[in-house]
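> Test case, fold it:
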Amino acid sequence: MHTASRRTWPSAAPPPAAPPPSQPQPPAESPIGLRLRHKGLLALLAVISLIALLFSLVLAYRASMEQDFDRLERTRRAGVMAADLAQTQALALSELGTQLGGSQGDTIDVDAIERSLSRLAAQAHALEAAGFTSGIEDAALVRAREDLLQRRDRVALLALRAQLEAALESTGRHTQAREALSAVQVARVHERGRAVAVTLAAAAILGTALVGVVVVFFFTRLSSDIARLRARALAVVAGDRQADRTIERDDELGELGSAIDVMVAALAAREHDLGIERRNVFHQEKMATIGALAAGVLNDIGNPIAAIDGLARAMRDEREAGSLRYDNPLCDPENILRETTRLQIITRQIAELAAPPSSRTELLSLNDVVRSALLLAHFDPRVNGVRIDTEFDPQLPAVDGVGDRLLQLVLNLLVNAADAVRGAVAGSPLISIKTRRHGHGAELLLADNGCGMDPNTLARAFDPLFTTKPAGQGTGLGLPLCREIAQQHGGALSIESTPGFGTQVTLYLPGPEAGA
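I've put the predicted structure just below:
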């Protein structure tokens, strides 16, 4: 298995800024329609209109019922008056019967009969004035009455009685007709009452149902839009920066959705600018590290060159003196070949490290990644004088990852540990590196005996731009970048530290089986 043993830093020129992703544009402001309070007022007006409609129906029914009751009352009064009229007729007939039974010649009491007839005529006129027919023929009764006053005999009494009996019979017929009319009116009142009750009930049910449907639809859509706003806000918190229109409304809730969309657009632009700034700052740090590496490389290359130069000068001096002998150790070509081999190894290592970084995910050995990082750190002056103990697990499972990114992660951790052990209060600077199997993945433990971190510093260790190094020696992006690389590979990075005793960093990377 071969690890991507490649150079982590770019060339001297700063990396071109990646073109910004399609920046979400703030949504166009739509004309505001009905506000929520306006919609509430409309719902209130609808309820008030329903109540007003029911109230108007009740008033109309009341007016109609009052008319019906007035007619019933007139009919009742007419019935009472007709009953009084019939009673008066019966009394008049009784008086006539008494006169006929006890009259002898000219002893007829005309005055008593006249009083009865006068009362009868008055009641008949009152009944007719009320708009009802009394059933009495006034002309015939008047003639019979006048005939009685002139003749004062039994024949005139009999004629008058006949007229009164006919009037009584006619009054009875009219009374029956009025009672039938009254029954019809009562039935009509009951029927109208039932119709009005059904109308009111139907109007109340339909109006309530209509208002209920509108209210349910309004609140259902309102709750749905609020849920969409909540989901959108949670998605933004989780890192979603897509330029989507949250909700389509023309009220205050729509304005809130538009404000969220504008906020997402601003966050996307801000994060893009921050990413560019981070790359620029990290590039500056890389350039400083490259300078340090260049000094180390020149030192390693200078030693073989100096040896070759000395051997060549000795051979030239021997040749000029005429005493060049190949049995002389100074003239042994093996010395030159040994030093050139050292140069070839160094140049090959530098060539491998300088190869363009790959962004392709492949199966890697964490042991090989650590070895490549140690090889690269060999040229860093900050690691000089630091003892590094390694313990590699030969049965370590392979991990899926980008070799250049993982190499960058391990090298950053190694350089941070080297900076920490410079302030070791006791003993010689020591960095311990250990790999081991952890479940279906691999784990790297990198410990140092440096100054350690207090709880406050440890809590902020992964905060971007937070650093405890002097100005110009740190940017505060190393550990945040390391954790980001670990998370991009599905792993995790944790730190344990005790002030005065050192720090241990644990890196976990899942294997292919864990991903499956």
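
> Just the strands from the stretch 301-450 of the chain, written as ranges.
Using DSSP state E, counting those that start in this stretch, the strands of the stretch 301-450 of the chain run over 362-364, 387-391, 399-401, 430-438, 441-448.

> May I have the second one as PDB, with CA atoms only?
Yep, that's strand 387-391 we're talking about. What follows is strand 387-391, C-alpha atoms only, in PDB (Å, rounded to 0.1, in the frame of the first residue of the first chain):
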ATOM      1  CA  ARG A 387      13.500  13.600  20.000                       C
ATOM      2  CA  ILE A 388      10.700  11.800  18.200                       C
ATOM      3  CA  ASP A 389       9.700   8.300  19.300                       C
ATOM      4  CA  THR A 390       7.400   6.400  17.000                       C
ATOM      5  CA  GLU A 391       5.400   3.200  17.500                       C
END
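
> Just the pLDDT at V370, thanks.
At V370, the pLDDT value in this model is 90.

> Quick check: it vs L509, distance?
V370 is 12 Å from L509, where distance means Cβ to Cβ, to the nearest Å. To be clear about C-beta, it is placed using only N, CA and C from the backbone, and glycine gets the same treatment.

> Return every residue with contacts to both of those two.
Residues touching both V370 and L509 (Cβ atoms under 8 Å, 6 or more residues apart in numbering) are L444.

> and the residue nearest to N416 when sequence neighbours are not counted, how many neighbours does it have?
Using Cβ to Cβ, 6 or more residues apart in numbering and skipping the chain neighbours, the partner closest in space to N416 is G478 (6.0 Å). Residues contacting G478 under the criterion other Cβ atoms under 10 Å number 22.

> same check, this time on A139
By the criterion of other Cβ under 10 Å, A139 has 7 neighbours.

> what does L509 give?
If you count neighbours by other Cβ under 10 Å, L509 ends up with 26.

> center of this protein, which residue is that?
Central residue of the chain (Cα atoms, centre = their mean): A227, 2.4 Å from the mean position.

> doesn't P480 make contact with P464?
Yes. Here P464 reaches P480: they are 4.8 Å apart, a contact under Cβ atoms under 8 Å.

> Which of the two has more residues huddled nearby?
Neighbour comparison, P464 and P480: the larger count goes to P480, with 18 against 13 (by other Cβ under 10 Å).

> wait, what's in contact with the more buried one?
Residues in contact with P480 (Cβ under 8 Å, 6+ apart) are 462-464.

> three-state assignment of it?
helix (DSSP: H, G, I helix; E, B strand; the rest coil).

> Would you map the helices across the stretch 1-150 of the chain?
Ranges of helices within the stretch 1-150 of the chain are 36-102, 110-129, 138-151, based on DSSP state H, counting those that start in this stretch.

> Which among those is found nearest to G401?
Among those, helix 36-102 comes nearest to G401, with 52.2 Å by Cβ to Cβ.

> Can you give the distance of that closest one from its chain's centre?
How far helix 36-102 lies from its chain's middle: 61 Å, per Cα atoms, centre = their mean, to the nearest Å.

> tilt between that helix and helix 138-151?
Per axes from the mean of the first three to the mean of the last three Cα atoms, to 10 degrees, the angle that helix 36-102 makes with helix 138-151 is 30 degrees.

> Count the residues that sit near E362.
Close neighbours of E362, defined as other Cβ under 10 Å, add up to 15.

> count of neighbours near I276?
When neighbours are counted by other Cβ under 10 Å, I276 registers 14.

> Alpha carbons only: can I get stretch 221-228 in PDB?
The C-alpha coordinates for stretch 221-228 follow below in PDB (Å, rounded to 0.1, in the frame of the first residue of the first chain):
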ATOM      1  CA  ARG A 221     -51.200  27.700   5.800                       C
ATOM      2  CA  LEU A 222     -49.900  30.000   8.600                       C
ATOM      3  CA  SER A 223     -48.600  27.000  10.700                       C
ATOM      4  CA  SER A 224     -47.200  25.400   7.500                       C
ATOM      5  CA  ASP A 225     -45.300  28.600   6.600                       C
ATOM      6  CA  ILE A 226     -44.100  29.000  10.200                       C
ATOM      7  CA  ALA A 227     -42.800  25.300  10.100                       C
ATOM      8  CA  ARG A 228     -41.000  26.100   6.800                       C
END
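
> Go ahead and name everything in contact with it.
246-247, 249, 253, 257.
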